[in-house]
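> Make a model of this:
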Amino acid sequence: MGVEQAAKPGRMSAGERRGQLLDVTKSIVERRGFHAVSIEAVAREAGVSRPIVYGHFKDLPGLLEALVEREGARALAQLATVLPSDLRRGDPRDSLLGALRGYLSAAQADPVTWRLVLMPPEGAPSVLREQIARGRGAVLAQLAEAIRPGFGSGRESPDPELTALMLSTFADEAVRLVLTDPEHYPPERILSHTAWILGELESG
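All right, here's what the predicted structure looks like:
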């Protein structure tokens, strides 16, 4: 049978089933890596037959591509809510610190997605790296525009693109630390030190 055409009592709709299959795939990737993903493995863990999986995804590459697209879009949507829009609105230091705090919180709330984006496991399909590169480009462009004013009149960034790249690299590494060693690098420690760095830059 193909994709379910309509929701029936006790049955998932096509959209719900697709989401479930992607969630199962994501779980397998997190626990065992991309190499462990197969149509059979996904069907078994989802409690459905292989034809059901094929009804939603043409083949294994199609399934993995759908997962990558969903997780990439999810990560970008989360970032969009925390990126500063213009440092001229309020205190620049507070804006940047708030953006990092939001980024860390988003990663902690959805760690599997952010591990896929920031620490792609071995065997990750090339489309994942391509998706990450596209998403990173969009984030850098938005961040460069936001930080262009710098810390105020006369203190504008001489190179917003490079400034955005350095800030983004710093923030990404901070998230990796929180995801891989949260006891040694809790968000509070990272935010406290970042506040000190920004304070030094602002007063310098």
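
> what about the helices in the chain?
14-32, 39-46, 50-56, 60-80, 92-109, 111-118, 126-147, 160-180, 187-203 (DSSP state H).

> Can I get the shortest one in CSV, CA atoms only?
Right, helix 50-56. What follows is helix 50-56, C-alpha atoms only, in CSV (Å, rounded to 0.1, in the frame of the first residue of the first chain):
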residue,chain,number,x,y,z
ARG,A,50,8.9,-1.9,5.1
PRO,A,51,6.3,-1.0,2.4
ILE,A,52,5.0,1.7,4.8
VAL,A,53,8.4,3.3,4.9
TYR,A,54,8.8,3.1,1.2
GLY,A,55,5.4,4.6,0.8
HIS,A,56,6.7,7.8,2.4
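
> by contact count, what packs against the helix or strand bottoming out on mean pLDDT in the chain?
The weakest-scoring helix or strand in the chain, judged by mean pLDDT, DSSP states H and E, is helix 126-147 (a mean of 86). The helices and strands touching helix 126-147, judged by 3 or more C-beta pairs under 8 Å, 6 or more residues apart in numbering; DSSP states H and E, are helix 60-80, helix 111-118, helix 160-180. C-betas here are computed from N, CA, C, even on glycine.

> how does it look with 6 Å?
Applying 3 or more C-beta pairs under 6 Å, 6 or more residues apart in numbering; DSSP states H and E, we find helix 126-147 packed against helix 60-80, helix 160-180.

> Output the ones you listed as TSV; include the columns distance to L116, mean pLDDT and mean neighbour count.
Formatted as TSV, the helices and strands packed on helix 126-147 follow (distance: least, C-beta to C-beta, whole Å; pLDDT from 0 to 100; neighbours: other C-beta atoms under 10 Å):
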stretch	distance to L116	mean pLDDT	mean neighbour count
helix 60-80	5	90	18
helix 160-180	11	95	17
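
> residues contacting S168?
Contact analysis of S168 by C-beta atoms under 6 Å, 6 or more residues apart in numbering lists L140.
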